[in-house]
Structures are given as structure tokens and as C-alpha cells.
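Participant: Sequence first, predicted coordinates after that:
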Amino acid sequence: MTRKRIKNFSLPASLFVLGVLLFSNFTNAQAAPSEAPRNVIFMVGDGMGFGQVKAYRMYADDPATDIIEPLPVDGLMVGTVATDSIRINCKGLEAKCTRDPYGVTDSASSATAYATGADTVVGRLSISTSGEIMPTILEQAARRGKSTGLVATSQITHATPAAFGAHVISRNQQNDIADQYFDRKLDGKPVIDVMLGGGLQYMQREDRDLVSEFRSAGYEVALDSSELLAMKGDKLLGLFSPKGMPRAWDRDDKVPDLADMSRVALDSLGRNPKGFFLLVEGSQIDWAAHNGSVAGVVSEMEDFIAAIRVVLDFARKNDDTLVIITADHETGGMSLGRDGTYAWNPRPLHGMKATPRAMTLRYLAGEESLADIVAENVAFKLTVSEIELLNAAAREEDPADEAIAAVFNQRTHTGWTSDGHTGVDVPLYATGPGSARFHGVMQNEDLGRVMWEVFLPE
Ligand SMILES: [Zn+2]
């Protein structure tokens, strides 16, 4: 009967059927769970919106050529992420929660959405709205025998990395987070194999010395750049500052870059034949944007993009690696061009010897003139009104930060609408096996869920 039917088809109808068959084969191939990636590298530029990415692209441009050189991520853009997971506001211990569908997220709830595939209350880390522990993709990867790692330029106990390896009601419980990194065990061993970043003061405290505990448990420990680069083992703990690491442009030789930490993590994790999950965070794009500091943003974007180059290089050599790059939210409402001026100017940022953060710290430490400090660290000549503005700043953190930021924002024509987070979508980049599942506008919890489905199929 089937044969007869086919025989009776007119030529165009046969072609149509053939077309449908070919098309359905094609769509089946697309929809079928393709070979799961062995490794997933998830990279988060904290606070990295389109303004932050473009500011760095313009800064990194080679003015000697006719084009604006693309960034290594530019060809990998697949869509955007809507980070405004339903903001669940709870008050008091007898938590009465209201859901705001239009709320703006924080790093804790957004990282929880990525780590677990579900929303939770702002400020909470991988604990559900009803107070239960939410399993994370990192923990599940470990249960499958994969290696796991966290790399960040904030303290390693900060919200974004912590959402993947700890469970607390408040992101401020950083000592508890540090304790959990050691105490939450799988087969008698800490779950996370590689931890590199800042945060020594949370790991080495009066009440507990987790650094020695990790050492006794077989971890190699590095406290500076040369110790990091000498690491060879499978279990690594690197802590390169008491809290967050210095901004990229402010680091000395003892403090590694995000690219160095990523390379060491990949060398170590890449040896597991079962694969690995690695989170790499450019943590302080957000911190600089909270300060309205365009120079700080560019410093941290430079650090993050350099780490992306290392990761993409690894993924090229290991084509069973899925790389996903995005942000947890935008910070600052950063715009290139402001106040009716049709221009943005990266030139004042070239030749800087330090970020405004370091300049403020020098001023707070007692150096006489803020204008002199700024003048020493930039390649342009300050105007009389800029010198007056800087020297009028009180010797306190906020006024000093704001005065320096004002100079750079004026000169570069950078605008800011907030000193906090904003609800605009953030860029989404993906490459490697499974990357076709990431496209369009994705909610952050959907991105987390799809990452889990692709990486750790049932
Ligand atoms: Zn923030």
C-alpha cells in the first residue's frame, strides 16, 4: 500500500515529500540531544552589559587601521539574557514574600539561576524560596565523576562563585561559604577541586584555618603568582589577596591575572578523562561600574577578555568543550555618548598607569593632592577646572571616587543612569557542542536549566 501510494504521487508531490523528509531529518538532527560536551566552561562578566563590552572594543581598537577590530567574543554572539528573574522580596523571619515580575536582580539570585536553573530570593545563594538546598550544576558534575573549579577576581566566597559551591540564606555569610567549600564533601573529599581568586581573610580566620585544612586534605596552596604558575596537581587552592584582588591595572607581579588563573585551572581540570565544569568570573567589571568608573570597567574588561582568549584557545584544542559567556546583570546603565554629544572618546584611557580605585586609595592613605595623584597616572594634562574639582574632593572614599570618575566621564562622554544594577538584557555568547541550544532572548534560569540539560543529560 505504501509503495502504491508513492507510485501514484505526481512529481511535484514526491519532491514535496522528499523535501519534508529531508527537512524532518534535518530538524531531528538539530533537536536530538547531540553528543553531550565533556567539559563546560561558564564565564560570567559580572555587571557586563553591551556598554561595557563596547567600551572595551573601542578602547582596544588599533587606530592605525580602518576598522574597529572585533573582540574574540564578537563572532560568538548567539542572543541575549534577560536577567530580571522574578524578584522575590521577602521581609522578616516569618518571610512574607511578594513576587515582582519586573524587578532587577543581584549577583546572588542571578548566579543561583545559572547554577541551579531556578529562581530564588535576591541575596540568597542556591537556597530555594522555601528554604531548601538547591543542587547546583557544579555539584552534579562532581557526582558524575567530573572535576570542578571556581576562578574569580573577587574573593572566591563572593556571590557569583559561591552560588555554584555553597548554600546560604545571605550572600554576606562569607565565612560560612568558606566553611562549606571544605565541609560539604563527596566521597569524603571537598566537592570543588580548583579554587583560585581573592579572599584569604575568609579562609584563614581566628576561629578556623581552612588553608591548612585544605593543605592536609591534599590541596596545593598558592598565595602569589609564582606559586600559582608552579602548581601541578589536581586539587588547587589559590588565594591572592585578603578580599577582592586588585583591579587588573593595579596589580603587581605577585598578583596573577584572570588569564593566568584560568590557564592553571584548565591545565589541572583538563586532565580528568570524564571532563569538568569550570566557572570563570570577571568579578570587578561590576564593582567599577558601581563606581561609575569607565577606566575601571575597561581595566576589568581587558582582564576578562584576556581570560576569554585562554578559554577559547583551550576549546579549540578540546572540541568536546562547551563555552558559554554572559553576564549576571548590567551595572550602572553605562552609555557611550551622553548629554547630547554624538561621540565617545576612549583616548583619555590610554596610557593610564593605575585605575581610579588605586588613585582613591593613595589619597585616602594621606597623599596631599588628589589632582597630583591623578596627573601622575594619566597621559593627558589636567585642565585648571579639573584640578580644582579634584582638589575640592573631601578625603573620603565616595567623594574622591566621584571626582575622579567625573573627569573621565566628561572626557570620554560616558553616561551612567544608576550606581546599582539595571534590568537591561546582557549579551550571550556560546560555542562548542550543545551551543545551538542557546539562542534568542533567554531568561537567566532557562539558561541555567539548558546548560544543565546539555551537559548532564539524564
Ligand atoms: Zn553589583
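Facilitator: Okay, I see it. In this text the structure is predicted, and so the values were computed from the model without any measurement.
Participant: A helix includes Val374, no?
Facilitator: Yes - residue state for Val374 (DSSP: H, G, I helix; E, B strand; the rest coil) corresponds to a helix.
Participant: does it really touch Thr383, like I thought?
Facilitator: No - assessed by C-beta atoms under 8 Å, Val374 is found out of contact with Thr383, at 11.7 Å. Placement of C-beta: from N, CA and C, glycine included.
Participant: who has more neighbours, the two?
Facilitator: Val374 (26 against 12; other C-beta atoms under 10 Å).
Participant: Tell me the spacing between that one and Val384.
Facilitator: 14 Å (C-beta to C-beta, to the nearest Å).
Participant: same deal with Arg205?
Facilitator: Separation of Arg205 from Val384 (C-beta to C-beta) stands at 49 Å.
Participant: Those two: which has the busier surroundings?
Facilitator: Arg205 (14 against 7).
Participant: For that one, which residues are in contact?
Facilitator: For Arg205, the contact set (C-beta atoms under 8 Å, 6 or more residues apart in numbering) comprises 175, 178.
Participant: mind redoing it with 10 Å?
Facilitator: 175, 178-179, 211 (C-beta atoms under 10 Å, 6 or more residues apart in numbering).
Participant: How about Trp452?
Facilitator: Trp452 makes contact with 40, 114-117, 135-137, 140-141 under the criterion C-beta under 10 Å, 6+ apart.
Participant: which neighbours do Val374 and Thr383 share?
Facilitator: Val407.
Participant: number of nearby residues for Pro457?
Facilitator: The number of residues packed around Pro457, counting by other C-beta under 10 Å, is 9.
Participant: Which strand or helix spans it?
Facilitator: For Pro457, there is no enclosing helix or strand under DSSP states H and E.
Participant: picking up where we left off before, in terms of distance to Val407, which of the contacts of Trp452 ranks first?
Facilitator: Tyr114 (36.0 Å; C-beta to C-beta).
Participant: Tell me where the model's unsure across the chain.
Facilitator: 1-34, 85-96 (pLDDT under 70).
Participant: Show me the domain layout of the protein.
Facilitator: 39-90+98-332+425-455, 347-412 (automatic domain parsing).
Participant: Check those domains for me and report the most buried one.
Facilitator: Mean neighbour count, computed with mean count of other C-beta atoms under 10 Å, is highest for domain 39-90+98-332+425-455 among the domains of the chain, reaching a mean of 21.
Participant: Off-centre distance for it?
Facilitator: 5 Å (C-alpha atoms, centre = their mean, to the nearest Å).
Participant: who's in contact with Gln52?
Facilitator: Contacts of Gln52 by C-beta under 10 Å, 6+ apart are 45, 282, 285-286, 288-289, 294, 297-298, 300-301, 304, 327, 330-332, 334, 336, 426-427.
Participant: Same check on Asp187?
Facilitator: Here Asp187 is in contact with 142-143, 145 (C-beta under 10 Å, 6+ apart).
Participant: ok so, going back, quick one: which of the contacts of Trp452 sit in helices?
Facilitator: Applying DSSP state H to the contacts of Trp452, the entries found in helices are 114-116, 137, 140-141.
Participant: Next, format those as JSON lines and append distance to Met359.
Facilitator: Output for the ones in helices among the contacts of Trp452, formatted as JSON lines (distance: C-beta to C-beta, whole Å):
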{"residue": "Tyr114", "distance to Met359": "34"}
{"residue": "Ala115", "distance to Met359": "36"}
{"residue": "Thr116", "distance to Met359": "40"}
{"residue": "Ile137", "distance to Met359": "39"}
{"residue": "Gln140", "distance to Met359": "44"}
{"residue": "Ala141", "distance to Met359": "42"}
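Participant: Between those, which sits nearest Pro161?
Facilitator: Distances from Pro161 to the ones in helices among the contacts of Trp452, taken by C-beta to C-beta, are shortest for Ala115, at 9.7 Å.
Participant: That closest one reaches Val40, doesn't it?
Facilitator: No - Ala115 is not in contact with Val40 according to C-beta atoms under 10 Å; the separation is 11.9 Å.
Participant: between the two, what contacts are shared?
Facilitator: With C-beta under 10 Å, 6+ apart as the test, Ala115 and Val40 both reach 137-138, 279, 451-452.
Participant: Could I get the full set of helices for the stretch 1-150 of the chain?
Facilitator: Ranges of helices in the stretch 1-150 of the chain, per DSSP state H, counting those that start in this stretch, are 2-8, 11-31, 50-59, 107-116, 137-143.
Participant: how about stretch 68-78 as PDB, C-alpha atoms only?
Facilitator: Only the C-alpha atoms of stretch 68-78 are listed here, as PDB (Å, rounded to 0.1, in the frame of the first residue of the first chain):
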ATOM      1  CA  ILE A  68      37.400  48.700  14.700                       C
ATOM      2  CA  GLU A  69      39.000  45.300  15.400                       C
ATOM      3  CA  PRO A  70      36.500  42.800  16.700                       C
ATOM      4  CA  LEU A  71      36.800  41.200  20.100                       C
ATOM      5  CA  PRO A  72      37.200  37.400  20.400                       C
ATOM      6  CA  VAL A  73      33.600  37.100  21.600                       C
ATOM      7  CA  ASP A  74      32.000  39.200  18.800                       C
ATOM      8  CA  GLY A  75      31.600  36.200  16.400                       C
ATOM      9  CA  LEU A  76      30.200  34.000  19.100                       C
ATOM     10  CA  MET A  77      27.100  36.100  20.000                       C
ATOM     11  CA  VAL A  78      24.000  33.900  19.900                       C
END
